[in-house]
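Student: What follows is a predicted structure for the sequence shown.
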Amino acid sequence: MPDHSFFNPTVLFAFAIPHTIFTVIFLFSKEERKLHDIIASIWIILLTIPIGLRFILSSMEPGFLIGLFRNIVYPLSYGPMAYLYARSLTEEKPKLERRDLFHFAPFLLFTIILSSLPVELNPNRPAHLPPPNGMPPFLLPSILMDAVIFISVSTYSFFILGILKRHTESIENYFSTITDTRSLTWLKWTIWLFVILFIWNSFSPVIFKFTFHKLEIRSILPHEFRFIHTGIFILFSYILSFFTIRQSTVYPQKKIEPVTPLENPEIAKEEKYTRSGLKEEEAKAIADKLLEYMDKKKPYLREDLRIRDVADDIGVNLNYLSQTLNEVIQKNFYQFVNEYRVKEVQNRLKSPEFKEHSLLRIALECGFNSKSSFNATFRRFTEISPKEFRRTILSG
């Protein structure tokens, strides 16, 4: 391959390695480094190692150590790393256990198998060996390895999306304001991108053979196509690094038991609160105390009000407060607080005192943290936009 080509090991190495070093140093130098920062660092390193090895091993003589590093099946570690990262962000007290090592059993097993294969059967055969005539003996092991990698990534992606779905349903029980770092929407789209990349990895050789060759496209050579694929994964690692650097801990304090939505709400309540010890009359007393607190103190005007803050202010057990919201008031914390905020906005828009105030100013003063979240929440509870509501008030 020509040295001046953009898609060569040297250029890819120059893009990937410094970026990875910077990301890892940044994540490890955080003042309050958490488990998710450490897992993200390892995940990004594992994404980058094959690129560095391709550059380093290309200039070294074949040997046992080189063959060992060449045969490590790094992609089988990507699914487990993404899964552990998602867990570390959504669990109450995230920690790694010994049983988590079993997630990496296929990674270790296939690395051992690949290292023990004869050269002619090994998909990672040294580049200096010419391909055999006819059907390559290593074709079947290569197809099998790609299939296992794809199954691993797809399976773990399915589990991760399930974790994120449950997380989306549960965070409204703890926070009155849902930010990007709390909703983890970026991680969901990153996982989908991850799956698409591995679909591309599985089918791109066929696409190249039957499309580029049939059309006699000569601007991209076969050996360059592999580097284009590597460049796409480098771009993915850049995207991943950006979001993992800005990601903060979702639950900085001890959170309460999540309310898991079930098909039958009565069964959900029964399973969740069977042994809570809260009597019906006590729950109603807590509800009265909560409503009085909201009307008099207006805590919903605070942007980042959390259920723990409310429980501390009114002197109520956190779990009892959650149970009261779900059983007596029949709303989660997010719905409960933001209904107050929307009503406060509506009252101010009706008042001549706030006639000259912008919608954004009113929204921020009523506890919303951004224009987009305000518009979405207002429409969610009123089915019209804030502008339409103000226009109605003015025309009425």
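Tutor: Noted; the coordinates are in hand.

Student: show me what contacts Glu91?
Tutor: By Cβ atoms under 8 Å, 6 or more residues apart in numbering, Glu91 lies in contact with nothing. Every C-beta, even on glycine, is put in place using the N, C-alpha and C of the backbone.

Student: Now do it against Asp304, distance only.
Tutor: Distance, Glu91 to Asp304, by Cβ to Cβ, to the nearest Å: 21 Å.

Student: and if you look at Gln323?
Tutor: Gln323 is 23 Å from Asp304, by Cβ to Cβ.

Student: which one of these two has more residues nearby?
Tutor: Gln323 (23 against 11; other Cβ atoms under 10 Å).

Student: Does anything pack onto the strand or helix carrying the more buried one? Which helices or strands?
Tutor: Take DSSP states H and E as the rule and Gln323 turns out to sit in helix 318-324. Helix 318-324 is packed against helix 280-297, helix 307-314, with contacts defined by 3 or more Cβ pairs under 8 Å, 6 or more residues apart in numbering; DSSP states H and E.

Student: Of the ones you listed, which is nearest Phe158?
Tutor: helix 307-314 (30.7 Å; Cβ to Cβ).

Student: Show the average pLDDT along that closest one.
Tutor: For helix 307-314, mean pLDDT rounds to 94.

Student: coming back round to it: give the buried residues for the helix holding Gln323.
Tutor: 318-324 (16 or more other Cβ atoms under 10 Å).

Student: got it, and stretch 18-35?
Tutor: Under 16+ other Cβ under 10 Å, the buried positions of stretch 18-35 are 19-20, 23-24, 27, 34-35.

Student: Tell me which two in the residues you listed are the farthest apart.
Tutor: His19 and Leu35 (22.6 Å).

Student: The helix or strand encompassing Arg380 packs against which elements?
Tutor: In the assignment (DSSP H and E), Arg380 maps to helix 371-382. Contact partners of helix 371-382 among helices and strands, from 3+ Cβ pairs under 8 Å, 6+ apart: helix 333-350, helix 359-365, helix 386-395.

Student: Check these for me and report the most buried one.
Tutor: Neighbour counts (mean count of other Cβ atoms under 10 Å) averaged over each of those peak at helix 333-350, with a mean of 20.

Student: Report the angle between that one and helix 307-314.
Tutor: Computed by axes from the mean of the first three to the mean of the last three Cα atoms, to 10 degrees, the angle separating helix 333-350 from helix 307-314 equals 80 degrees.

Student: which residues are in contact with helix 333-350?
Tutor: Under Cβ under 8 Å, 6+ apart, the answer for helix 333-350 is 171-176, 178, 294, 298, 300-301, 305, 307, 310, 322, 325, 329, 331, 354, 357, 362-363, 365-368, 374, 377-378, 381-382, 386, 389-390, 393.

Student: gap between that helix and the chain center?
Tutor: Mean-position distance between helix 333-350 and its chain equals 30 Å (Cα atoms, centre = their mean, to the nearest Å).

Student: pLDDT of that helix, averaged?
Tutor: The average pLDDT within helix 333-350 is 95.

Student: Only alpha carbons, please: show that helix as CSV.
Tutor: The C-alpha coordinates for helix 333-350 follow below in CSV (Å, rounded to 0.1, in the frame of the first residue of the first chain):
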residue,chain,number,x,y,z
PHE,A,333,-42.0,11.7,41.6
TYR,A,334,-41.2,13.3,38.2
GLN,A,335,-44.9,13.5,37.4
PHE,A,336,-45.8,14.8,40.8
VAL,A,337,-43.3,17.7,40.8
ASN,A,338,-43.5,18.7,37.2
GLU,A,339,-47.3,19.0,37.4
TYR,A,340,-46.7,21.7,40.0
ARG,A,341,-44.1,23.4,37.8
VAL,A,342,-46.5,23.4,34.8
LYS,A,343,-49.3,24.8,36.9
GLU,A,344,-47.0,27.5,38.2
VAL,A,345,-46.0,28.5,34.7
GLN,A,346,-49.7,28.6,33.7
ASN,A,347,-50.5,30.8,36.6
ARG,A,348,-47.7,33.2,35.8
LEU,A,349,-48.7,33.4,32.1
LYS,A,350,-52.2,34.4,33.2
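
Student: What strand or helix carries the closest residue to Thr90 other than its chain neighbours?
Tutor: Leaving aside its sequence neighbours, Thr90 sits nearest to His167 (Cβ to Cβ, 6 or more residues apart in numbering; 4.5 Å). For His167, the element it lies in under DSSP H and E is helix 139-170.

Student: Please pull out the lowest mean pLDDT helix or strand from this protein.
Tutor: helix 265-273 (a mean of 45; mean pLDDT, DSSP states H and E).

Student: quick one on the thing from earlier: save the helices and strands packed on helix 371-382 as CSV, and put in distance to Arg182 too.
Tutor: Output for the helices and strands packed on helix 371-382, formatted as CSV (distance: least, Cβ to Cβ, whole Å):
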stretch, distance to Arg182
helix 333-350, 11
helix 359-365, 19
helix 386-395, 23
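
Student: Tell me which two in the buried residues of helix 318-324 are the farthest apart.
Tutor: Leu318 and Thr324 (10.8 Å).

Student: Isn't Ile234 up against Val11?
Tutor: No. Look at Ile234 against Val11 with Cβ atoms under 8 Å: they stay out of range, at 10.1 Å.

Student: Report the mean confidence score over stretch 174-184.
Tutor: 90.

Student: now stretch 355-364
Tutor: Rounded mean pLDDT across stretch 355-364 is 92.
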